[in-house]
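S.K.: Return a 3D structure for these sequence lines:
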Amino acid sequence: MPSEIGPVSPVRAVRTGPFAASFAEAGDPAPAASPPPALRIDVSALAAAPPFDPDRVGQIRSAIADGSYPLIPARIADAMIAAGLRLSLGE
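M.R.: Numbers count the residues shown, from 1 in each chain. The predicted structure follows:
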């Protein structure tokens, strides 16, 4: 049995929260939400100098040298697999 589609009516924004009822009762359309402010990141500055903490590197080298750095083979393998996946996906 064929069905007919009626006239198209405009869709209004859905308002939630404590003021939703006041908009619906007044018949006023809900105010449009303003877009979030753009986040600007200077990528060239980030790429020019990778994060490097020489003190932390020294601590890790010392811990490796004296045998107190926790080397967990499963975590190392997981990180290597994840890095390979990221490279293969072009991330």
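S.K.: From the structure, what's the count of residues near Ala63?
M.R.: Neighbourhood size, Ala63 [other CB atoms under 10 Å]: 13. Where C-beta positions appear, they are placed from N, C-alpha and C, glycine not excepted.
S.K.: Apart from its chain neighbours, what residue comes closest to it?
M.R.: Tyr69 (3.7 Å; CB to CB, 6 or more residues apart in numbering).
S.K.: Neighbours of that neighbour, how many?
M.R.: Residues near Tyr69, counting by other CB under 10 Å, number 12.
S.K.: Surely it touches Ile60?
M.R.: Yes. Between Tyr69 and Ile60 there is a contact under CB atoms under 8 Å: 6.4 Å.
S.K.: Name the next helix or strand following the least confident helix or strand in the chain by mean pLDDT along the chain.
M.R.: Within the chain, no helix or strand scores below helix 20-26, which has a mean of 51 by mean pLDDT, DSSP states H and E. Next along the chain after helix 20-26, taking DSSP states H and E as the criterion, comes helix 43-48.
S.K.: Quick one: list the elements packing against that following helix.
M.R.: Applying 3 or more CB pairs under 8 Å, 6 or more residues apart in numbering; DSSP states H and E, we find helix 43-48 packed against no helix or strand.
S.K.: Averaged pLDDT, it. What do you get?
M.R.: Regarding helix 43-48, the rounded mean pLDDT is 73.
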